[in-house]
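In: I would like to see how this sequence folds:
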Amino acid sequence: MPGPEWLKNAVVYEIYPQSFQDSNGDGIGDLPGIIAKLDYIKDLGVNAIWLNPCFESPFQDAGYDISDYYKVAPRYGTNADMKKLFEQAHRRGLKVLLDLVAGHTSMQHPWFKESCKAQKNKYSNYFIWTNSWGGDGGGYRFINGYAERDGNFMINFFYCQPALNYGFVDPDPRYPWQLPATHPDVKAVREELRNIMKFWLEMGCDGFRVDMASSLVRGNQAERGINELWHDYRSWLDKNYPEAVLVSEWSHPAKAIDAGFHIDFMVHFGLPGYTNLFRQEDYRVHNSPFGGNGFSYFDRTGKGDAKAFVNNLLEQLKATAGKGYVAIPTGNHDIGRIRQGRTDDELKTVYAMIFTLPGVPFLYYGDEIGMDYVSGLTSKEGGYNRTGSRTPMLWGKGAKAGFSTAAPKDFYLPLPSENERSSVAAQEKKPDSLLHFVQFLIKLRRENPALAGTGSFRPLYAEDHAYPLVYERAGGRKRFVIAVNPSGKEATAEFGWPDVNKFKPVAIGGQITLEIQPGAAHLVMSPASYAIYGLK
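Out: Numbers count the residues shown, from 1 in each chain. Next up, the predicted model:
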């Protein structure tokens, strides 16, 4: 089962809470600030929100280091504010997904503090410790010399994120600290995660995006153990909270959805294709920490290749058909802004594709107005080269951009320079703005099942290192043909077409010539152009 019905038309808006809207003048975004902007979010046309972690934390990794899973971090408000957010979002037809950091806690979490003690207690095995501070870690990452306990603790990401113990599949007898999934202490950890989910679901949460979802179980047959774990949680959810959704950070939809998730991202690690499509290094963002070798397809040099992405998308769609959804995001808190080095016209070609692909699109806050990556920032709360993608939302003009009443020097992160800003307020006044284009595309998707999550996808012209990219979406009684030419040169495509159906222009950007003859179509596209046709 692919999950709740609302996923078929889902578009999810990701909010980095500390940078979205500050309601109390401390320079940090908060839950009341998000509540105040729910009408704006609703007007975008999305039907769900994903909040990055909002729980109590020392914020050494921007909230992905949790010290209390049951309490909203004071910087964001209270549990009552979270409940109000759920209620106000639901009144507007919006779902709310929370970020579930399942694989690790903060070192400040009471569970971990207890596990550090030399005397054995309930929490000693909640985390993965070796039996001696000088012991062999079996190839895993450990921190030694930290606690009074004679042992080293395993980490999941940063040094301050001790790994929770979900057990090992076929534990290695050389390492007696590797506990099987059947061990009572491991079962207790698994039950804690279920209790956390239940707590927020009962309050009104609509599901979870699970951080590092494939990392929880370890061992030689870890994937089998991961699948068993998430199948158990999914069965429990289907029985008790059938409308709740699980979204994974796995980057391999076929594996993630087989494991029990409803949605997985085809994004920046795992399968190839996404980076090649949008974020390979080029002459405009030289030395970008988010680039790669070569050129992205959505680059004006016209040296990119969309074939790897198309092939992988087809494979993932086939593997997940009828079971779940592939997600293609505009970006997220961990990668560079999609705006980097692009004009509005070039961004429109990107969005014409993202919002007409099958699956569930995710829109990162600010991408709808083309917010840019801010380079040169000092790392904030473990952001490092990701920090420039987490700057405050640009609501209006002026020194504070409508984000906060605090002095700009007290903002969570600095705003981009005045001459680089393009705010919501400014774009709302311009019919041809990027904001209105995104709203149009989401509305078009919502009103046409052929363009929604389960509509079919068929490449019409997707050749090696060639432009444009042309594909068909179909569903119900409608069909659409979408073509994008992100390059800085005119591009032509010829592809087989079995009939002489008339193509009705739905959205055209640039100069497009389309000739239809029996058995063939001939398309000519100007630089940085897109076309969406409905078939009569």
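In: can you pull out the helices in the chain?
Out: 31-36, 38-44, 79-91, 110-115, 184-203, 222-240, 253-258, 274-278, 307-320, 344-354, 424-428, 434-447 (DSSP state H).
In: closest one to N52 among those?
Out: helix 31-36 (11.3 Å; Cβ to Cβ). C-beta: built from backbone N, CA, C; applies to glycine.
In: Identify the residues contacting that closest one?
Out: Residues external to helix 31-36 that are found in contact with it (Cβ atoms under 8 Å, 6 or more residues apart in numbering): 15, 17, 20-24, 49, 51, 54, 72, 76-77, 81-82, 84-85, 88.
In: Restricting to C-alpha, output that helix in PDB.
Out: Output of helix 31-36 as PDB, limited to C-alpha atoms (Å, rounded to 0.1, in the frame of the first residue of the first chain):
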ATOM      1  CA  LEU A  31       6.900  27.900  16.400                       C
ATOM      2  CA  PRO A  32       4.600  31.000  16.900                       C
ATOM      3  CA  GLY A  33       6.400  32.500  14.000                       C
ATOM      4  CA  ILE A  34       5.600  29.500  11.800                       C
ATOM      5  CA  ILE A  35       2.000  29.700  13.000                       C
ATOM      6  CA  ALA A  36       1.800  33.300  11.900                       C
END
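In: list the buried ones in it?
Out: Across helix 31-36, burial judged by 16 or more other Cβ atoms under 10 Å covers L31, P32, G33, I34, I35.
In: go on, stretch 144-157?
Out: Buried residues in stretch 144-157 (16+ other Cβ under 10 Å): A147, R149, G151, N152, F153, M154, I155, N156, F157.
In: what's the first-to-last distance across it?
Out: End-to-end span of stretch 144-157 (Cα to Cα, to the nearest Å): 15 Å.
In: quick one: contacts of that stretch?
Out: 61, 64, 103-104, 112, 115-118, 127-135, 137, 140-143, 161-163, 177, 212, 215.
In: Equivalent analysis for stretch 224-231, please.
Out: Residues contacting stretch 224-231 (Cβ under 8 Å, 6+ apart): 166-169, 181, 190, 213-214, 216-219, 246, 258-261.
In: need the contact list for W177.
Out: When contacts are counted by Cβ under 8 Å, 6+ apart, W177 touches I128, W129, T130, N131, G135, G151.
In: how about 7 Å then?
Out: With contact taken as Cβ atoms under 7 Å, 6 or more residues apart in numbering, W177 is in contact with I128, W129, T130, N131.
In: that older thread, out of the contacts of stretch 144-157, which are buried?
Out: Of those, these count as buried by 16+ other Cβ under 10 Å: 61, 64, 103-104, 112, 115-116, 127-130, 135, 142-143, 161-163, 177, 212, 215.
In: Count the neighbours of I196 for me.
Out: Counted with other Cβ atoms under 10 Å, residues neighbouring I196 total 19.
In: Extract the C-alpha set from the helix or strand bottoming out on mean pLDDT in the chain and format it as PDB.
Out: In the chain, the helix or strand scored least confidently by mean pLDDT, DSSP states H and E is helix 274-278, which has a mean of 81. Provided in PDB are the C-alpha atoms of helix 274-278 (Å, rounded to 0.1, in the frame of the first residue of the first chain):
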ATOM      1  CA  TYR A 274      20.400  14.100  -8.600                       C
ATOM      2  CA  THR A 275      23.800  15.900  -8.300                       C
ATOM      3  CA  ASN A 276      24.500  15.500 -12.000                       C
ATOM      4  CA  LEU A 277      21.100  17.100 -12.700                       C
ATOM      5  CA  PHE A 278      21.300  20.200 -10.500                       C
END
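In: Let me see the residues that make contact with it.
Out: So helix 274-278 is contacted by 266-268, 292, 296-298, 304-306, 308-309, 338, 350 (Cβ under 7 Å, 6+ apart).
In: again with stretch 68-82
Out: Stretch 68-82 is contacted from outside by 17, 28, 30-32, 54-57, 63, 196, 199, 203, using Cβ under 7 Å, 6+ apart.
In: Now render these as CSV, adding distance to V524 and pLDDT.
Out: As requested, the contacts of stretch 68-82 are exported to CSV (distance: Cβ to Cβ, whole Å; pLDDT from 0 to 100):
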residue, distance to V524, pLDDT
P17, 46, 98
I28, 51, 98
D30, 51, 98
L31, 50, 98
P32, 52, 98
C54, 50, 97
F55, 53, 98
E56, 58, 98
S57, 54, 98
G63, 49, 98
I196, 55, 98
F199, 58, 98
M203, 55, 98
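In: So which of those residues is the closest to K400?
Out: Among the contacts of stretch 68-82, I28 lies closest to K400 (Cβ to Cβ), at 13.5 Å.
In: Near the closest one, how many residues? Count them for me, please.
Out: 24.
In: likewise the one 10 residues further on?
Out: Per other Cβ under 10 Å, the neighbour tally for L38 reads 17.
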